[in-house]
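S.K.: predicted model and sequence below, questions to follow.
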Amino acid sequence: MTHVTLPSGATVDLRPVEDITERQRRPIKRVQTQLVRHQEFFAAIEKAQSIESGESNKKLTKADQDALAAGLGDAFDPLEELNDRLIVAAVRGWSYDFPVEYDSVQDLPGRDLDKLREVVAPYLPQLMPDFSPSKDRQSPTGV
């Protein structure tokens, strides 16, 4: 278990990614499938990746981030939900006087929420199913 101190001094205990249950993971997968329908989301992600992987290898500035957020269009709400549901799945407990629930995430102070989203972001790729072809030739996706 990982213990994190947030900017406000509040503390959070994160569960290991392998301890996240399917009940916690499924809402994340559901929101991700909603995001697939938003072309503006993919365009914004591609733009961010091109900025960060360009020749100068620069990081996104606050202005870049604001421009990308504005370009998300209708994908903004599902993306926020995805981040909030990821927090609920990853957080085992916190020092706030309210429970770790989806509706409670919006009650976190902004700086704490931003830091918590940064800390749990690496969990997301680990929670995704692996759709790559199987090495098992007997599998329907075998190569």
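M.R.: Ah, there it is. Numbers count the residues shown, from 1 in each chain.
S.K.: tell me which residues in stretch 2-21 are buried?
M.R.: 4, 6, 10, 12, 14, 15, 17, 20 (16 or more other CB atoms under 10 Å). Every C-beta, even on glycine, is put in place using the N, C-alpha and C of the backbone.
S.K.: let me know the closest of those to residue 70.
M.R.: residue 6 (27.0 Å; CB to CB).
S.K.: isn't the closest one right up against residue 117?
M.R.: No: when contacts are counted by CB atoms under 8 Å, residue 6 is not listed as touching residue 117 (11.0 Å).
S.K.: need the buried residues of stretch 2-21 in CSV with pLDDT, distance to residue 103 and secondary structure, can you?
M.R.: Below are the buried residues of stretch 2-21 laid out as CSV (pLDDT from 0 to 100; distance: CB to CB, whole Å; DSSP: H, G, I helix; E, B strand; the rest coil):
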residue, pLDDT, distance to residue 103, secondary structure
4, 96, 21, strand
6, 97, 19, coil
10, 98, 18, coil
12, 98, 17, strand
14, 97, 20, strand
15, 96, 20, coil
17, 95, 23, helix
20, 96, 19, coil
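S.K.: where exactly do the helices run in this structure?
M.R.: Taking DSSP state H as the test, the helices found in the chain are 22-35, 39-52, 62-70, 76-90, 110-120, 123-127.
S.K.: now those in JSON lines, with mean pLDDT, distance to residue 135 and mean neighbour count?
M.R.: Below are the helices of the chain laid out as JSON lines (pLDDT from 0 to 100; distance: least, CB to CB, whole Å; neighbours: other CB atoms under 10 Å):
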{"stretch": "helix 22-35", "mean pLDDT": "90", "distance to residue 135": "24", "mean neighbour count": "15"}
{"stretch": "helix 39-52", "mean pLDDT": "70", "distance to residue 135": "29", "mean neighbour count": "14"}
{"stretch": "helix 62-70", "mean pLDDT": "73", "distance to residue 135": "37", "mean neighbour count": "12"}
{"stretch": "helix 76-90", "mean pLDDT": "92", "distance to residue 135": "29", "mean neighbour count": "20"}
{"stretch": "helix 110-120", "mean pLDDT": "96", "distance to residue 135": "31", "mean neighbour count": "16"}
{"stretch": "helix 123-127", "mean pLDDT": "90", "distance to residue 135": "20", "mean neighbour count": "14"}
